[in-house]
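J.: My questions are about this predicted structure, shown below with the sequence.
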Amino acid sequence: MDQNGAPNVFLSGGSRFAIPDEERLRYIADLSVGKVKVLNGNRYEHFEASSETALVDDRELRVYVWTQCTYVAE
């Protein structure tokens, strides 16, 4: 685990309009978490952990793949 909060996961898939490229690198404190959701306006973008890794800026990042979006209830 990277104690300084540097990105350790890459969010893959979904619409580029939903999650811009610069926001796809994230830090997740507990990499054993199988699913994450990211609030994006009025919806959540859902991602699931994969067995893949991606090399970004000489760092090996775990890949989470987009599965769906759900809307925030009012």
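T.: Yes, it's here.

J.: Please give the three-state secondary structure assignment for the residue nearest in space to the middle of the chain.
T.: Centroid-nearest residue in the chain: residue 11, 3.4 Å away (criterion: CA atoms, centre = their mean). Reduced to three states with DSSP: H, G, I helix; E, B strand; the rest coil, the structure at residue 11 is strand.

J.: Test my guess that it contacts residue 37.
T.: No. With contact defined as CB atoms under 8 Å, residue 11 does not count as touching residue 37 (10.7 Å). The way it works is simple: take the backbone N, C-alpha and C, and place the C-beta from them, glycine included.

J.: Identify the contacts common to these two.
T.: Common contact partners of residue 11 and residue 37 (CB atoms under 8 Å, 6 or more residues apart in numbering): 45, 47.

J.: hang on, the earlier thing: so what's the residue nearest to the residue nearest to the centre of the chain when sequence neighbours are not counted up against?
T.: Nearest residue to residue 11, sequence neighbours excluded (CB to CB, 6 or more residues apart in numbering): residue 24, at 4.5 Å. By CB under 8 Å, 6+ apart, the residues touching residue 24 are 10, 11, 12.

J.: Likewise for residue 35?
T.: Here residue 35 is in contact with 46, 47, 48, 49, 67 (CB under 8 Å, 6+ apart).

J.: Would you indicate which residues of the host helix or strand of the second one are buried?
T.: Element membership for residue 47 (DSSP states H and E) is strand 43-56. Of all the residues in strand 43-56, those buried under the rule 16 or more other CB atoms under 10 Å are 44, 45, 46, 47, 49.

J.: and if you look at stretch 59-71?
T.: 61, 63, 64, 66.

J.: Need the pLDDT of the residue nearest to residue 11.
T.: Confidence at residue 24, expressed as pLDDT, is 93.

J.: And residue 20, how far from residue 40?
T.: In this view, residue 20 and residue 40 are 10 Å apart by CB to CB, to the nearest Å.
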